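Student: This is the structure alone, sequence omitted:
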DNA sequence: ACAACTCGTTCACTTAAGTTAAGAAATGAA
DNA sequence: TTCATTTCTTAACTTAAGTGAACGAGTTGT
């Protein structure tokens, strides 16, 4: 399982066996059952997550309704904003499939980064890439209609549509579940003729 | 004018006079007239911007329509995604008020960061804060209606509504100018009684 | 001063999303 | 398997956004 992480990291930096062993000794690998809530609204945490296998989601509860804003699958990292702002979390993180993830807290990262400058470089690149990617995702969201957003998702993350419940996808696309149903019906109609 | 930048930086790191002089010697301060286009679609660039005074905006041209996705005002930094991805820009950056900005390219930043580790630390903090802020902005956008988004903007960046043309605000809010007109009329109605 | 533009608003109309409610389909647990 | 729960879809209705067109206020340039 560790190999998945090391393969990912090798895209950014090269690792010696010794460095790999340091990472393994940190004991950050976790196996998490579907339905597990990793973080609740109001909780404080310093933990960041990296998904090796499975899927986790972030969601707010607004007027007792879940509003899903993010899905994180294989090779994706999530540092909750509350870790950066050092305030209680505004949202929940839950595991929507049996998953294998790493859980690392910011103190650990600081320590590793000071020991191995390589990690720091990798983190910097990852953060910058993520910032640019998120900026583009946001721009695409703003400039397109719900139907276009669904088609876009179908193209870019077709797996999500298979593995995630519709009502969670709906708020991810900024609409209600009933609307998503209609969008899907509309698209199916068009494809028939 | 430099003082505005140094005041901003002093929130994150302390600077010696010598370090300030190094920054000044880089000659990154620019005075830019309203209407100036800083970056065009299809262009390549390594430049990042920081607004000391004024306002710049990012916009796409889709079906010969401008879609504004971001405004950057006093004390805000913009690194276009194309700088990170090293591809041609997908959008335009233009100056919507007479402004004073800094323009720094990524090579310069790399050089300064290696000379003064302090800068590197500041950049890392800034990037992480920005990532978290953007994540929250995106989440808020997804989970609210156009009217709520307008009210939210009215609360958080009231200056924008004064200084920016409505048609640019509209796409920033993910709607058409005509719809923004109606949203405003609706809100004005409610406030009357 | 005048014409040409730009920008914001309004109107009538179309399309799509929100809402409420009901029922079908899928899932999970006993 | 059966029952209960959750999830998805459909329908009827309401509300709001998209569209095309027109108008007036404000600007710019000549």
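Tutor: Structure received. These figures come from a predicted structure and were not determined experimentally.
Student: Check whether the lengthiest helix in chain A comes near chain B.
Tutor: Among the segments of chain A that qualify as a helix by DSSP state H, the longest is helix A:117-142. Yes - using C-beta under 8 Å from any C-beta of the partner chain, helix A:117-142 reaches chain B at A:123-124, A:127-139, A:141-142. Where C-beta positions appear, they are placed from N, C-alpha and C, glycine not excepted.
Student: Please list only the buried members of the residues you listed.
Tutor: Using 16 or more other C-beta atoms under 10 Å in any protein chain shown as the burial test, the residues of helix A:117-142 next to chain B include A:123-124, A:127-128, A:130-132, A:134-136, A:138-139, A:141-142 as buried.
Student: Name the next helix or strand downstream of the longest helix of chain A, please.
Tutor: Note on helix A:117-142: by DSSP states H and E, the next helix or strand toward the C-terminus is helix A:146-156.
Student: Up against DNA strand D, what does chain A have?
Tutor: Proximity of chain A to DNA strand D, by C-beta under 7 Å from any atom of the strand, involves residues A:145, A:165, A:166, A:167, A:168, A:177, A:178, A:180, A:181, A:182, A:184, A:185.
Student: Chain B: which of the residues you listed is nearest?
Tutor: For those, the residue nearest chain B by C-beta to the nearest C-beta is residue A:145; the value is 9.4 Å.
Student: can you pull the pLDDT of that closest one?
Tutor: pLDDT recorded at residue A:145 is 98.
Student: could you measure residue A:61 against residue A:97, distance?
Tutor: 21 Å (C-beta to C-beta, to the nearest Å).
Student: Does the residue nearest to residue A:125 when sequence neighbours are not counted fall in a helix, a strand, or a coil region?
Tutor: Distances taken as C-beta to C-beta, 6 or more residues apart in numbering or on different chains place residue A:12 nearest to residue A:125, at 5.7 Å, with adjacent residues excluded. Assigned with DSSP: H, G, I helix; E, B strand; the rest coil, residue A:12 falls in the coil class.
Student: Output the below-cut-off pLDDT ranges for chain A.
Tutor: For chain A, the stretches flagged by pLDDT under 70 are A:192-193.
Student: Please name the residues that touch the spatially most central residue of it.
Tutor: In chain A, the residue lying closest to the centroid (C-alpha atoms, centre = their mean) is residue A:72, at 2.5 Å. Contact analysis of residue A:72 by C-beta atoms under 8 Å, 6 or more residues apart in numbering or on different chains lists A:49, A:51, A:55, A:56, A:57, A:58, A:78.
Student: Any idea what it is bridged to?
Tutor: On the basis of DSSP bridges, residue A:72 is bridged to residue A:56.
Student: Helix or strand: which one has residue A:69?
Tutor: Residue A:69 belongs to strand A:65-72 when elements are defined using DSSP H and E.
Student: List the buried residues for that strand?
Tutor: Applying 16+ other C-beta under 10 Å to strand A:65-72 flags A:67, A:68, A:69, A:70, A:71, A:72 as buried.
Student: mind putting those in TSV, distance to DNA strand C included?
Tutor: Compiled in TSV, the buried residues of strand A:65-72 are given as follows (distance: C-beta to the nearest atom of the strand, whole Å):
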residue	distance to DNA strand C
A:67	11
A:68	14
A:69	14
A:70	18
A:71	17
A:72	20
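Student: Looking at those, spot the one nearest DNA strand D.
Tutor: residue A:68 (10.8 Å; C-beta to the nearest atom of the strand).
Student: quick one on the thing from earlier: after the strand holding residue A:69, which helix or strand is next? Please name it.
Tutor: Counting by DSSP H and E, what follows strand A:65-72 is strand A:76-78.
Student: That following strand - contacts with which helices or strands?
Tutor: Other helices and strands packing on strand A:76-78, by 3 or more C-beta pairs under 8 Å, 6 or more residues apart in numbering or on different chains; DSSP states H and E, are strand A:47-53.
Student: Please list the residues of chain A that sit near chain B.
Tutor: Counting by C-beta under 8 Å from any C-beta, the residues of chain A near chain B are A:60, A:62, A:67, A:69-70, A:79, A:81, A:83-85, A:90-91, A:123-124, A:127-139, A:141-143, A:171-172, A:174.
Student: do that again at 7 Å, thanks
Tutor: Taking C-beta under 7 Å from any C-beta of the partner chain as the criterion, chain A approaches chain B at residues A:60, A:62, A:67, A:69, A:81, A:84-85, A:124, A:127-132, A:134-136, A:138-139, A:142-143, A:171, A:174.
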